[in-house]
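Novice: A predicted structure for the sequence below; I have some questions about it.
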Amino acid sequence: MHILLLGSGGREHALAWKIAASPLVTKLWCAPGNAGIAKEAECVALDVADHAAVIAFCKTNKVELVVVGPETPLAAGIVDDLTAAGIKAFGPNKIPAQLESSKGFTKALCTEFGIPTGAYQRFTNPEDARAYVQSQGAPIVVKADGLAAGKGVVVAKTVREAEDAIAMMFEGAFGEAGAEVVIEEFLPGREISFFALCDGETAIPLASAQDHKRVFDHDVGPNTGGMGAYSPTPLVTPAVHDAIMAKIILPTVSGMKSRGTPFRGILYAGIMLTTQGPKLFEFNVRFGDPECQVLMLRMMSDIVPALLAACDGQLKNFDLRWHKETALTVVMAAKGYPGDYQKGTRIDGLDDAAKVDNVEIFHAGTVAKDGAILANGGRVLNVCALGADVTEAQVRAYQAVDRIRWPEGFCRRDIGWQAVEAEKAKN
């Protein structure tokens, strides 16, 4: 098969690595790609936002499947346009993609189909939003309705913090994404990421994962797109897994189908494990980043037939197999992230780091220039490792991190800390 992958981050490098390993693939392109992806696929300088150019490339190169990595092209309806041109594409259409591109859309779906989530209200002006916060008190969660690159959520510990967040969003900090604001109940509990592959009527769960959103050790500092992850997480017991499927994933898939807008692709549920059971706090409509990286390391099955089965409505009799080992990834970011950071700094030692047993390094924001690898983003590298348990995977990942020479970069040193503590207590 000829396959085109869209995107340029660590998620796409992990997908490229996994797709390239499939015996079904004769040619893999990635647009626009990055320095790491270039080892797995031919990178092409296509503007992913120019749907006509993507379609023309597919027709010229006889592309049989397009895999859409990031959320922005999905929200812009690239799958609708590819499908209309007769090209198979993995990912949801524009309307179901609103599960990610509109927080209000998701909340309304939860209300309609009885999916457990926090209480909420939607606002189009700051006065009403402030009045609501004052009536509810804190802690409380303020969200820009639209896509804000993982940064449009403020968990306010005080009413003042919530008011500042409301002002920031309505003053245009996230552009159009903040034209409407969703304010919702703060859900105490432990947070996990849950993924399901969907074909419009069937959903099959992927392995569980745990993300680390805060920028610094011990979960302090601002939220980010994710500073590390591991899979599986001990928090998802068989009972929790079954409850998430029965109460959140399957009602969403059947609800979307009953509305006439079936969901095909990856449904990524951000779930809080509360004392009342699992509750949904957000949906994403693509593989998580950095969760995708640990899932790809653990996936034993060939990914390409799974992607095709989701596109073709054939998941009913499909099964995915997983390696027993734990996978863990550490994100290396440019100093200053998630705020202002410098681009173009040189990274050395990657080949040496990759020699650590069971380590894979996925590039998230890099560019190759004159034989050197340069940082070209906020989150720059994903240093991933497999181990018999979280402790072993963590040790290997940080051994590799310590071989990378990049003075302008930083990472958290405690990815997987809760699971490591639990393993110590058990042993």
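Specialist: Yep, that arrived.
Novice: not counting sequence-adjacent ones, nearest residue to residue 27?
Specialist: The shortest distance from residue 27 to any non-neighbouring residue, by CB to CB, 6 or more residues apart in numbering, is to residue 2 (4.7 Å). From N, CA and C alone the C-beta is placed, and that goes for glycine too.
Novice: what about the one you found, distance to residue 89?
Specialist: Computed as CB to CB, to the nearest Å, the residue 2 to residue 89 distance reads 13 Å.
Novice: those two - which one has more neighbours?
Specialist: Here residue 2 and residue 89 are compared on neighbour count by other CB atoms under 10 Å; more neighbours surround residue 89, at 28 against 14.
Novice: test my guess that that one contacts residue 63.
Specialist: No: Residue 89 is beyond contact range of residue 63, at 9.7 Å (criterion: CB atoms under 8 Å).
Novice: need phi/psi at the residue nearest to residue 27.
Specialist: phi -100, psi 120 (degrees, to the nearest 10).
Novice: same thing with residue 17?
Specialist: Backbone geometry at residue 17, expressed as degrees, to the nearest 10, gives phi -60, psi -40.
Novice: residues in contact with the residue lying closest to residue 33 once chain neighbours are set aside?
Specialist: Nearest residue to residue 33, sequence neighbours excluded (CB to CB, 6+ apart): residue 43, at 3.2 Å. Neighbour list for residue 43: 29-34, 37 [criterion: CB atoms under 8 Å, 6 or more residues apart in numbering].
Novice: please state the backbone phi and psi of residue 43?
Specialist: phi -80, psi 130.
Novice: what sits against the residue nearest the centre of the chain?
Specialist: Centre of the chain computed as the mean C-alpha position; nearest residue by CA atoms, centre = their mean is residue 288, 1.6 Å away. Contact analysis of residue 288 by CB under 8 Å, 6+ apart lists 11, 193, 195, 209, 211, 226, 229, 268.
Novice: ok, which pair from the residues you listed is furthest apart?
Specialist: Using CB to CB, these span at most 13.8 Å, a distance reached by 195 and 226.
Novice: hey, what's in contact with both of these two?
Specialist: 288, 291.
Novice: list the residues that contact the residue nearest to residue 46 when sequence neighbours are not counted.
Specialist: Closest residue in space to residue 46, ignoring its immediate chain neighbours: residue 31 at 3.7 Å, by CB to CB, 6+ apart. Neighbour list for residue 31: 4-7, 43-46, 48, 54, 57 [criterion: CB under 8 Å, 6+ apart].
Novice: does residue 31 count as helix, strand or coil?
Specialist: strand (DSSP: H, G, I helix; E, B strand; the rest coil).
Novice: just grab the bridge partners of it for me.
Specialist: Beta-bridge partners recorded for residue 31 (DSSP bridges): residue 6.
Novice: next one: it from residue 301, what distance?
Specialist: Applying CB to CB to residue 31 and residue 301 gives a distance of 26 Å.
Novice: before we move on, what about residue 4?
Specialist: Residue 4 is 22 Å from residue 301, by CB to CB.
Novice: where's residue 165, which helix or strand?
Specialist: helix 159-170 (DSSP states H and E).
Novice: in terms of secondary structure, what does the next helix or strand after that helix contact?
Specialist: Per DSSP H and E, helix 159-170 leads on to strand 181-185 as the next helix or strand towards the C-terminus. In this structure, strand 181-185 makes packing contacts with helix 103-113, strand 120-123, helix 126-136, strand 140-144, helix 159-170, judged by 3 or more CB pairs under 8 Å, 6 or more residues apart in numbering; DSSP states H and E.
Novice: picking that back up, need the contact list for the residue nearest to residue 27.
Specialist: Taking CB under 8 Å, 6+ apart, one finds 26-27, 29, 61-65 in contact with residue 2.
Novice: now do it, the pLDDT please.
Specialist: Residue 2 is assigned 98 on the pLDDT scale.
Novice: swap in residue 149?
Specialist: Residue 149 is given a pLDDT of 66.
Novice: now do the one 10 residues further on
Specialist: Reading off the confidence values, residue 159 has pLDDT 91.
Novice: which residues touch it?
Specialist: Contacts of residue 159 by CB under 8 Å, 6+ apart are 133-134, 137-138, 140.
Novice: mind running it again at 7 Å?
Specialist: Contacts for residue 159 (CB atoms under 7 Å, 6 or more residues apart in numbering) come out as 133-134, 137-138.
Novice: so for stretch 139-159, what gets flagged as buried?
Specialist: 139-148, 150, 152-156, 159 (16 or more other CB atoms under 10 Å).
Novice: which element is the closest residue to residue 194 other than its chain neighbours on?
Specialist: The spatially closest residue to residue 194, leaving aside those adjacent along the chain, is residue 269, at 4.6 Å (CB to CB, 6+ apart). Taking DSSP H and E as the definition, residue 269 sits inside strand 264-274.
Novice: where does pLDDT dip in the stretch 151-300 of the chain?
Specialist: Where the stretch 151-300 of the chain drops to pLDDT under 70, the residues are 151, 177.
Novice: cool, and the stretch 301-427 of the chain?
Specialist: Low-confidence segments of the stretch 301-427 of the chain (pLDDT under 70): none present.
Novice: got the residue ranges for the strands in it?
Specialist: 326-334, 346-347, 359-363, 366-369, 372-375, 379-387, 409-410 (DSSP state E, counting those that start in this stretch).
Novice: so which of the ones you listed gets nearest residue 416?
Specialist: Nearest of the strands of the stretch 301-427 of the chain (CB to CB): strand 326-334, 5.3 Å.
Novice: residue 354 versus residue 393, what's the distance?
Specialist: 16 Å.
Novice: and residue 298, its phi and psi?
Specialist: phi -90, psi -10.
Novice: just give me the neighbour total for it.
Specialist: 19.
Novice: check contacts around it.
Specialist: With CB under 7 Å, 6+ apart, residue 298 has these contacts: 207, 231, 322-323, 325, 327.
Novice: of those residues, which belong to helices?
Specialist: Among the contacts of residue 298, DSSP state H puts none in helices.
Novice: for residue 21, state which of these is nearest.
Specialist: Out of those, the member with the shortest distance to residue 21 (by CB to CB) is residue 323, at 13.5 Å.
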